[in-house]
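S.K.: predicted model follows, preceded by the sequence.
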Amino acid sequence: MVSYFIEQVIERIEKNNSREEVIASEIKLSIDYTKTIEQATANGNYDWKNNNITTKNFPIFSENIGKNVDVLARIFRFNHDIRLEEVVYEMDKAGYRPATLTELLALGSLFPELQKKFPILALGSSMKHSSSSCFFPCLKSTSVGRMIDLDFRFLDRRWVAGQFPDCFLGILEN
């Protein structure tokens, strides 16, 4: 059941080659806020992880600390160049907010095959690089295998869609 559902999500995202946005079906995630970032990363069994992905750099600021919380998530992909604020605007318009690192790690742990198809970013967590750039958590796959990495982005530039456009994880607002 789970793998069939994810296959449908992947198929829906890959089939759309238009300039329109793609919003995959809702995905139910259970977020374990009793775990540190390091513990959540270990649960994902990644082949490689960026050493800057730590609780120190990405503290969990949530009223849910110490709880397990179920959320509904969607993967957004835009088949055209787009700015950060446009991604957030489109998510908001659909009733979603950008996912945090903790939520991204839950997705990677539950559905490891997703990141093998396309990179997935969590725009709700970032590590500042300069006044005009940040690093965002990203699930992706390379010849090394499955990775949890930090993706460098300029905040004032369009993100180029390229051959394999990035996907963005959104969490349904309550």
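M.R.: Right, received. Where do you want to start?
S.K.: go ahead and confirm Val71 touches Thr100.
M.R.: No: contact criterion Cβ atoms under 8 Å: Val71 and Thr100 do not qualify, at 10.4 Å. Any C-beta I mention is one placed from the backbone N, CA and C, and that applies to glycine too.
S.K.: overlap in contacts of those two?
M.R.: Both Val71 and Thr100 are contacted by Ile171, under the criterion Cβ atoms under 8 Å, 6 or more residues apart in numbering.
S.K.: more neighbours, those two?
M.R.: Counted by other Cβ atoms under 10 Å, Val71 and Thr100 do not tie: Thr100 has more neighbours, with 22 against 18.
S.K.: for that one, list the residues it contacts.
M.R.: Applying Cβ under 8 Å, 6+ apart, the residues contacting Thr100 are Ile60, Ser62, Ala122, Gly124, Ser125, Ile171.
S.K.: the residues you listed into JSON lines, with extra columns for neighbour count, secondary structure and pLDDT?
M.R.: What follows is the contacts of Thr100, written out as JSON lines (neighbours: other Cβ atoms under 10 Å; DSSP: H, G, I helix; E, B strand; the rest coil; pLDDT from 0 to 100):
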{"residue": "Ile60", "neighbour count": "17", "secondary structure": "coil", "pLDDT": "84"}
{"residue": "Ser62", "neighbour count": "13", "secondary structure": "coil", "pLDDT": "73"}
{"residue": "Ala122", "neighbour count": "26", "secondary structure": "coil", "pLDDT": "96"}
{"residue": "Gly124", "neighbour count": "21", "secondary structure": "coil", "pLDDT": "94"}
{"residue": "Ser125", "neighbour count": "25", "secondary structure": "coil", "pLDDT": "93"}
{"residue": "Ile171", "neighbour count": "22", "secondary structure": "strand", "pLDDT": "96"}
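S.K.: from those residues, pick the one nearest Asp47.
M.R.: Among the contacts of Thr100, Ala122 lies closest to Asp47 (Cβ to Cβ), at 19.1 Å.
S.K.: fine, thanks again, bye for now.
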